[in-house]
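# Provide a 3D model corresponding to the input given below.
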Amino acid sequence: MGYDIIDIIDKAIAIAYKREVLYTEISKQPNLPPAVKVLSKVLAYNVDKIVLYYQKLKKEITDDEAEKIDFSIYDKISFLISQFNLRVYSTNATTPKEFLSFSINSEKEILALFLDIQGRLITNSNGTTSKAYVSLSSIIKAKTNLIHDLESHS
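Sure thing, here's the model as predicted:
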């Protein structure tokens, strides 16, 4: 069994769910200002939309399109994602501005991870036309748009 872009998208979904749990837990903290709670609920809802987008991407990829990823490259990518998932994300933000800053920084770290993964997938001159590269480009574009939206409100 080989690995392909669907395995990477599954890992992206897992990262998104982890973020959703964090935002949901923050929204339930009784000592936070209502504005922070509302913002965390909005961001948790946005994660749901991101997951639906990732799932749509998965459905659009046929078995024929999903090129196998070399095991040594996939192993490095998997290690990167595992190391990323070991990070503990929490915030002591007590204002909407602090919470938004925390969220923007978190999203930028996820974007950096996806950019790193995409770069590792390029192994030859045809690398930028592969389905894996194109799919990750879509994910990166969506993540970049989210960061720009968040920054426009900070």
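
# in contact with Ile50, which residues?
Ile50 sits next to Ala16, Ala142, Leu146 when contact means CB atoms under 8 Å, 6 or more residues apart in numbering. Placement of C-beta: from N, CA and C, glycine included.

# redo that, cut-off 10 Å
Ala12, Ile13, Ile15, Ala16, Tyr17, Arg19, Glu20, Ile110, Ile139, Ala142, Lys143, Leu146 (CB atoms under 10 Å, 6 or more residues apart in numbering).

# look at the fourth one and give its secondary structure.
Read that as Ala16. Following DSSP: H, G, I helix; E, B strand; the rest coil, the label given to Ala16 is helix.

# what is the neighbour count of it?
Neighbour count for Ala16, taken as other CB atoms under 10 Å: 19.

# and the second one, by the same measure?
The criterion is other CB under 10 Å. On that basis, Ile13 has 17 neighbouring residues.

# same question, the third one
Applying other CB under 10 Å, we find 18 residues neighbouring Ile15.

# what does Ile117 give?
Ile117 has 23 nearby residues by other CB under 10 Å.

# from memory it sits against Phe79, does it?
No - judged on CB atoms under 10 Å, Ile117 makes no contact with Phe79 at a distance of 11.0 Å.

# can I get the contacts of Ile50 in a markdown table with distance to Tyr89?
Rendered in a markdown table, the data for the contacts of Ile50 read as follows (distance: CB to CB, whole Å):
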| residue | distance to Tyr89 |
| --- | --- |
| Ala12 | 16 |
| Ile13 | 17 |
| Ile15 | 11 |
| Ala16 | 13 |
| Tyr17 | 13 |
| Arg19 | 8 |
| Glu20 | 12 |
| Ile110 | 10 |
| Ile139 | 19 |
| Ala142 | 20 |
| Lys143 | 16 |
| Leu146 | 16 |
